[in-house]
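Q: No sequence on hand, only this structure:
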């Protein structure tokens, strides 16, 4: 049964939409704000997220950016705004689709199924040595056992695994972190996250074999 995360602060709309999703064979979880929405995402496994742009304690753009930093979960924006700039902003933070309110429920279901189908085709497992990323679920495993990474640690690892055997400069990695962080990312910040990531994925973080330092140039993920 597909599991849906609904982040919507319109109580009446959320109640009706939850009822409809369940009648169509979906398991749905509803939250009304940015904080609760991200907490639900971090604590559960979902197949698609429906996110309102305007939320009680934030906005849907921040929710989408945080989800995409941690996983490749499909995100569909639900919004009453028909403003082109708003739509463009949604796609720029990684939205998979954008549906204006009011919407027809069966059209929503069709578009949900479409993005989930595309997502399943486009999300193969990523491997490097004894570590595996499942982008569809935002899960990282070492020797078949799940390990838990923060959103920025996950983002770093995803960049390395999608660019295996390629030299990545420190500037490139800082840009990747900055793109999904709400705070300034410095050289020292990168050092901290690289240290934490290595402690979790390497057998010996003092002598890393998966993500190696290329002195004076950057880092490289190596498949032995």
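A: Looks like it came in fine. Everything numeric in this text was worked out from a predicted model, so none of it was measured. Numbers count the residues shown, from 1 in each chain.
Q: What's the mean pLDDT across the strand or helix carrying residue 160?
A: Per DSSP states H and E, residue 160 falls inside helix 151-161. Helix 151-161 comes out with an average pLDDT of 88.
Q: which residues make contact with that helix from outside it?
A: The contact list for helix 151-161 (Cβ atoms under 8 Å, 6 or more residues apart in numbering) reads 66, 69-71, 126-128, 131, 133, 135, 138, 140, 149, 168, 173, 176-177, 180-181, 193-194, 196-197, 200-201, 211, 219, 221. (C-beta placed from N, C-alpha, C; glycine too.)
Q: Inside helices: which ones of these?
A: Among the contacts of helix 151-161, the members found in helices (DSSP state H) are 66, 69-70, 173, 176-177, 180, 193-194, 196-197, 200-201.
Q: Least confident of those residues?
A: residue 180 (59).
Q: Would you indicate which residues of stretch 162-179 are buried?
A: Under the neighbour-count criterion of 16 or more other Cβ atoms under 10 Å, stretch 162-179 has 168, 173, 174, 176, 177 buried.
Q: and what of stretch 198-208?
A: Going by 16+ other Cβ under 10 Å, stretch 198-208 has these buried residues: 198, 200, 201, 202, 208.
Q: Likewise for stretch 80-98?
A: For stretch 80-98, by 16+ other Cβ under 10 Å, it's 86, 87, 89, 90, 93, 94, 95, 96, 97, 98.
Q: Make JSON lines from those and add secondary structure to it.
A: Below are those laid out as JSON lines (DSSP: H, G, I helix; E, B strand; the rest coil):
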{"residue": "86", "secondary structure": "helix"}
{"residue": "87", "secondary structure": "helix"}
{"residue": "89", "secondary structure": "helix"}
{"residue": "90", "secondary structure": "helix"}
{"residue": "93", "secondary structure": "coil"}
{"residue": "94", "secondary structure": "coil"}
{"residue": "95", "secondary structure": "coil"}
{"residue": "96", "secondary structure": "coil"}
{"residue": "97", "secondary structure": "strand"}
{"residue": "98", "secondary structure": "strand"}
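Q: biggest separation within those residues, which pair?
A: Farthest pair in the buried residues of stretch 80-98 (Cβ to Cβ) is 86 and 96. Separation: 16.0 Å.
Q: Among the buried residues of stretch 198-208, which pair sits farthest apart?
A: Spanning the widest gap among the buried residues of stretch 198-208 are 200 and 208, at 11.4 Å by Cβ to Cβ.
Q: Strands along the chain, start to end?
A: Taking DSSP state E to define them, one finds strands in the chain at 3-7, 27-31, 48-52, 54-55, 58-59, 75-79, 97-100, 126-128, 131-134, 139-142, 145-147, 168-169, 211-214, 218-221.
Q: As a markdown table, the buried residues of stretch 162-179 with distance to residue 49 would be great.
A: A markdown table is the format used below for the buried residues of stretch 162-179 (distance: Cβ to Cβ, whole Å):
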| residue | distance to residue 49 |
| --- | --- |
| 168 | 29 |
| 173 | 27 |
| 174 | 28 |
| 176 | 22 |
| 177 | 22 |
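Q: which one's the longest helix in this structure?
A: helix 105-121.
Q: still on that earlier bit, I'd like the buried residues of stretch 80-98 as CSV, with distance to residue 11 and pLDDT appended.
A: Shown next, in CSV, are the buried residues of stretch 80-98 (distance: Cβ to Cβ, whole Å; pLDDT from 0 to 100):
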residue, distance to residue 11, pLDDT
86, 22, 74
87, 25, 76
89, 25, 78
90, 23, 77
93, 25, 83
94, 27, 85
95, 23, 88
96, 25, 89
97, 24, 90
98, 22, 89
